[in-house]
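**Student:** Okay, here's the prediction I keep looking at, along with the sequence it came from:
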Amino acid sequence: MALFEAVYVNMLSMCFRKCLITLYLINFLVSNSYAQNNSAFENLIANANNNINSGSYNQATLQLKDGLKQAETAKNKKNEARIYDLLAEISIKKREFETFKTYDAFATQIANQLKDTTLLISLNNRKGIYYMEEGQNDLALQQYNTALNLSIAKKETKRIAEIYSNLGSLSLATGDKDKAINNFFNALKLHELNDNKRGIGETYSNISSTYYLMGKIDDAINYQKTGISIREKINDKPGLAIANNNIGQLYLIKKDNVSAKQHLTQAINYAEETDNSKLIASAYAGMSAFEIIGTKNYKSALQWQTKAITLSEKIDDKQVLSRLYVSAGNLANNVNDSITSINFYNKALALSKSLKNKENISNAYEKLSNFYNSRGNFKKAYDNYKQHVLYRDSITEKSNLSKIEEVRVKY
């Protein structure tokens, strides 16, 4: 009996060990499979982000939709929300606002359920961009401030920098250059702290735009040059399209047509390598400006301008159209097409007012004043000039060059 018991106990012990080994192997395989799946998902997200940053939005969308299927199959809500967040990012860059709203709603619902602060920061910040594009500046400010407060509480310095930059752009749109430059330099400090080269390059470009609006063209060119050198190192194609377009037009003001043409051509080349119609339209508009000012080739200018307006109207880019209509009015005026010219100026004014963009409103009134003055209608010229001065001075009151210089020195 004792022998039987010993054998029986031995058999039980062996079975137990086998069970333990089997359980260990099962757990190891499941754990290893999860790690592999998670690693594959993170690689997918990283690749999609790289494509977004390079302007390859269509490729990124395909990758993310594949990732969404994986997340739904795994019933991983956090990963679903991350995918929706990136799809919303692509949609807003392409100005597909209805699609943006859909993805944003899905992501927001999950983020609120999971109480995912990091995701909520991203979503609120992007909603701010959407409202600003639509000219709803009060709502934009509200979303940015919500995102900023959440970021500060979580000490997300990279996000804080992005939001400061967006607040700077909002301040520029409302004519407050003092506040804009302060926000841009705050963003720059944090981007440098995080060694975020993409953010640094973008911020130098934004600072350049502020100095341009203050009439400090040489400073504006120098800031653009610095931004371009950084963006070239990371092959930031969308950023290089913007920066080359901006510096090209600055060189036009300086009457350096050779440098202007070189940079504006580069802007088109970079823009056309992306899936971003907004960037492409802006680059075409830049070349139109070169043909008007640099060569006075109005036929070529009209071709570029028409391409830019067609693209911008297709994506309903109100901010860009409010400026393009002024340029189109100028072009028609140069060839003595009064009806087309006045129609474009009035469209620009109406759109700028709907966006509450004081810079563009002031500019449209100035062009209308010049138009009527050149045709001897001095009453209308004077009425429009008064409005131009009114808006111009409301901007100037908020923007003091010495204060801006003080911010730069402190930085």
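**Tutor:** All right, it came through fine.
**Student:** can you pull out the helices in the stretch 1-150 of the chain?
**Tutor:** Remark: helices assigned in the stretch 1-150 of the chain by DSSP state H, counting those that start in this stretch are 2-53, 57-73, 77-93, 97-114, 117-133, 137-154.
**Student:** between these, which gets nearest to K318?
**Tutor:** helix 117-133 (7.2 Å; CB to CB). Every residue, glycine included, has its C-beta placed from N, CA and C.
**Student:** Show me the shaky parts of the stretch 301-411 of the chain.
**Tutor:** Applying pLDDT under 70 to the stretch 301-411 of the chain picks out residues 396-411.
**Student:** what about the helices in it?
**Tutor:** Using DSSP H, counting those that start in this stretch, the helices of the stretch 301-411 of the chain run over 318-334, 338-355, 358-374, 378-398, 401-410.
**Student:** coming back round to it: nearest to N222, of the helices of the stretch 1-150 of the chain?
**Tutor:** helix 2-53 (25.4 Å).
**Student:** Rebuild the helices of the stretch 301-411 of the chain as TSV, extending it with mean neighbour count and distance to Y204.
**Tutor:** Putting the helices of the stretch 301-411 of the chain into TSV (neighbours: other CB atoms under 10 Å; distance: least, CB to CB, whole Å) gives the following:
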stretch	mean neighbour count	distance to Y204
helix 318-334	22	21
helix 338-355	19	25
helix 358-374	21	20
helix 378-398	15	23
helix 401-410	13	12
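**Student:** So N333 sits against F371, correct?
**Tutor:** Yes: here N333 reaches F371: they are 6.3 Å apart, a contact under CB atoms under 8 Å.
**Student:** intersection of neighbour lists for these two?
**Tutor:** S341 (CB atoms under 8 Å, 6 or more residues apart in numbering).
**Student:** possible to save the helices of the stretch 301-411 of the chain as a markdown table with distance to T118?
**Tutor:** Below are these laid out as a markdown table (distance: least, CB to CB, whole Å):
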| stretch | distance to T118 |
| --- | --- |
| helix 318-334 | 29 |
| helix 338-355 | 31 |
| helix 358-374 | 34 |
| helix 378-398 | 34 |
| helix 401-410 | 30 |
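**Student:** shaky segments in the stretch 1-150 of the chain?
**Tutor:** Judged by pLDDT under 70, the stretches of the stretch 1-150 of the chain that qualify are 1-37.
**Student:** mind redoing it with 50?
**Tutor:** Confidence mapping of the stretch 1-150 of the chain against pLDDT under 50 gives the ranges 1-9, 11-12, 16, 20-21, 23, 25-26, 28-36.
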